[in-house]
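Chemist: quick one, fold the following:
(one chain, ligands or ions: 1)
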Amino acid sequence: MKHLIDIIDLSVEEIDELIAVGEDIIAHPADYEEKCRHKKLATLFFEPSTRTRLSFESAMLSLGGDVLGFSEASSSSAAKGESVADTIQTVGCYADIIAMRHPKEGAPVVAVRRSTVPVINAGDGGHNHPTQTLTDLLTIHRELGRLDNMVVGLCGDLKFGRTVHSLIIAMCRYSRVKFVLISPEELRLPEYLREMLDKQGIDYLETQDLEAAMPELDILYMTRVQRERFFNEADYVRLKDSYILTPDKLVNAKESLRILHPLPRVNEISVAVDDDPRAAYFRQVANGKFIRMALILKLLEVK
Ligand code: NCD
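Modeler: Just a heads-up that it's a prediction; the model follows:
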């Protein structure tokens, strides 16, 4: 039985295969309508979510399956003090596959030890978010036609942004990818990830200057400053508007640039950017459902 806890659980070949299935689902949705008939997905969300939970549920419904679950810890027995491991063991009696989101880093690792069904990490604290990464990779592939040979700028909260962490881990396995890490000093990429890049000899640059970096970027991945991970509100207030992407900042960007954001956005992309053809973040939202369909099929071993 296979789980997806960390993006590194998937080989490059498996990621490429998921992207190919995602593309096929987009092209031929009717072929997939009955694939998960009588299968159940449980979504266990101990933390807020709009896109991740609803795209998982929509994915399973589009495969002909059913969904159950909870969208806040307060409506589950977690509020009574039940452990994650006990909750997972319980839900395994009612569902064939589980997608869970939890505020504690590493919670899904504990969960899988007692799970009788595949578990998907839908985000654990400020650590990882592998299914957002699959969404991002499908989007980059559809927009640029490749996953190698590009300059990827990541901007905003690189410290707490779990989607950034998983995306870097995934993309540094493709050849000739350079990262430009754009953040305030206090929100730099964590040291363990910088060490990983150093060890693997990956080309990267750290800067605070988004506009200076802009002309060389093929992908600009904007992120929200993660308010819920800060220890004090004053730091959040000081840092929250560090970067605000507006149309004038894109004048020196490539025509082929694509702007991604895992969403939700707060202030970091002005709505005036939404009509720019380079703004791919709502196409990215749509891709999230298709790649999760591909992932559910893989983990349930449905042909
Ligand atoms: C992200 C998350 O939850 O980490 N959202 C998402 O899943 N699309 C990004 C965020 O909350 O800023």
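Chemist: for the nearest residue to Glu82 once chain neighbours are set aside, list the residues it contacts.
Modeler: Leaving aside its chain neighbours, Glu82 sits nearest to Ser76 (7.6 Å; criterion: C-beta to C-beta, 6 or more residues apart in numbering). Every residue, glycine included, has its C-beta placed from N, CA and C. Applying C-beta atoms under 8 Å, 6 or more residues apart in numbering, we find Ser76 in contact with Leu44, Phe46, Phe70, Glu82, Thr87.
Chemist: ranking by neighbours, what's the top pick from those?
Modeler: Leu44 (25 neighbours; other C-beta atoms under 10 Å).
Chemist: quick check: it touching Glu82?
Modeler: No. Under the criterion of C-beta atoms under 8 Å, Leu44 is not in contact with Glu82, lying 11.5 Å apart.
Chemist: please, which helix or strand holds the residue nearest the centre of the chain?
Modeler: By C-alpha atoms, centre = their mean, the mean C-alpha position of the chain lies nearest to Gln132, the distance being 1.8 Å. Using DSSP states H and E, Gln132 sits within helix 130-144.
Chemist: counting contacts, what elements does that helix pack onto?
Modeler: helix 12-27, helix 51-62, strand 119-124, helix 162-171, strand 219-222, strand 258-260, helix 281-299 (3 or more C-beta pairs under 8 Å, 6 or more residues apart in numbering; DSSP states H and E).
Chemist: to Val112, which of those lies closest?
Modeler: strand 119-124 (4.9 Å; C-beta to C-beta).
Chemist: could you give the angle of the helix holding Gln132 to helix 12-27?
Modeler: 70 degrees (axes from the mean of the first three to the mean of the last three C-alpha atoms, to 10 degrees).
Chemist: next, see if helix 130-144 gets close to the ligand.
Modeler: Yes. Using C-beta under 6 Å from any ligand atom, helix 130-144 reaches the ligand at Gln132.
Chemist: what residues of that helix count as buried?
Modeler: 130-144 (16 or more other C-beta atoms under 10 Å).
Chemist: would you list the phi and psi of His102?
Modeler: phi -140, psi 140 (degrees, to the nearest 10).
Chemist: in the stretch 101-250 of the chain, what residue is nearest the ligand?
Modeler: Of all residues in the stretch 101-250 of the chain, Arg224 sits closest to the ligand, at 4.0 Å by C-beta to the nearest ligand atom.
Chemist: assign that residue to helix, strand or coil.
Modeler: coil (DSSP: H, G, I helix; E, B strand; the rest coil).
Chemist: quick check: it vs Ala27, distance?
Modeler: Arg224 sits 32 Å away from Ala27, going by C-beta to C-beta, to the nearest Å.
Chemist: cool, Val237 as well?
Modeler: 46 Å.
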